[in-house]
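K.L.:
Attaching a predicted model along with its sequence, questions to come.
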Amino acid sequence: MSRIGKKLINLPSGVTVTVSNGLVTVKGKNGELKEKLHPNVGIEIKGSEVTITRKTEERANRAIHGTTRANVANMIKGVSEGFSKKLDLVGVGYKAEMKGKNLALALGFSHPILFRAPESIKIETPSPTNIIISGYDKQLVGLVAAKIRSFKEPEPYKGKGVKYDGEVLRRKAGKTAASSK
């Protein structure tokens with residue numbers, strides 16, 4: 001049995017889970033998420049607990065069992081609490097600001113970068129060097145954060161660029177001056 005797959009998922013109040021025709025629908029105060037189920041995985045809903053089951057003990061089914069449980073748990077957490085990621089801008093003159101629904105980034109290029117987030121994603125800039133991305137779909141929040149980070153990934157010498165909050169960067173030593181004789 002998969003260690004993650006056999007764990008029960010507790011349903012918070014206000015969250016409903018329905019399964020029909022191989023499609024899991026999770027509704028909560030933040031929104032609604034849907035995901036297609038693998039045909040060899042099933043879901044049992046008993047009161048306020050959700051259990052993920054698998055049909056056979058084949059290796060492929062064991063692998064998808066834990067993944068499906070994690071995805072359903074993330075859907076439930078997303079519609080009840082939500083997810084967020086923080087990005088930090090490191091570098092002289094690097095800044096971010098919201099212009100309407102677009103995020104304007106000044107990252108040392110000759111032009112500002114305008115980024116429009118999907119409808120279900122909320123972007124905030126509490127300070128010019130911090131960006132907070134939040135939403136109820138964990139996968140989409142991570143995808144938007146990775147897209148913004150890809151505009152200027154941190155470089156290994158001075159660490160300039162867009163990095164995740166708390167990310168540890170491996171720094172390289174720069175060139176050393178030639179010794180004079």
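P.N.:
Nice, thanks for sending it over. Residues are numbered from 1 along each chain as shown.
K.L.:
Grab the longest helix from the chain for me.
P.N.:
When the chain is parsed with DSSP state H, its longest helix is helix 59-80.
K.L.:
Show me the shaky parts of the chain.
P.N.:
1-2, 177-181 (pLDDT under 70).
K.L.:
just the helices in it please.
P.N.:
Under DSSP H, the chain gives helices at 59-80, 138-150.
K.L.:
Can you dump the C-alpha atoms of the first one in PDB for me?
P.N.:
The reference is to helix 59-80. Extracted in PDB, the C-alpha atoms of helix 59-80 (Å, rounded to 0.1, in the frame of the first residue of the first chain):
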ATOM      1  CA  ARG A  59       3.400  -1.200 -10.000                       C
ATOM      2  CA  ALA A  60       1.700   1.400 -12.300                       C
ATOM      3  CA  ASN A  61      -1.400   1.500 -10.100                       C
ATOM      4  CA  ARG A  62       0.700   1.800  -6.900                       C
ATOM      5  CA  ALA A  63       2.500   4.800  -8.500                       C
ATOM      6  CA  ILE A  64      -0.700   6.600  -9.500                       C
ATOM      7  CA  HIS A  65      -2.400   5.900  -6.100                       C
ATOM      8  CA  GLY A  66      -0.200   8.300  -4.100                       C
ATOM      9  CA  THR A  67      -0.200  11.000  -6.800                       C
ATOM     10  CA  THR A  68      -4.000  11.000  -7.100                       C
ATOM     11  CA  ARG A  69      -4.300  11.300  -3.300                       C
ATOM     12  CA  ALA A  70      -1.900  14.200  -3.200                       C
ATOM     13  CA  ASN A  71      -3.700  16.000  -6.100                       C
ATOM     14  CA  VAL A  72      -7.200  15.600  -4.400                       C
ATOM     15  CA  ALA A  73      -5.800  16.800  -1.100                       C
ATOM     16  CA  ASN A  74      -4.300  19.900  -2.800                       C
ATOM     17  CA  MET A  75      -7.600  20.500  -4.500                       C
ATOM     18  CA  ILE A  76      -9.400  20.400  -1.100                       C
ATOM     19  CA  LYS A  77      -6.900  22.600   0.500                       C
ATOM     20  CA  GLY A  78      -7.000  25.100  -2.400                       C
ATOM     21  CA  VAL A  79     -10.700  25.600  -2.400                       C
ATOM     22  CA  SER A  80     -10.800  26.000   1.400                       C
END
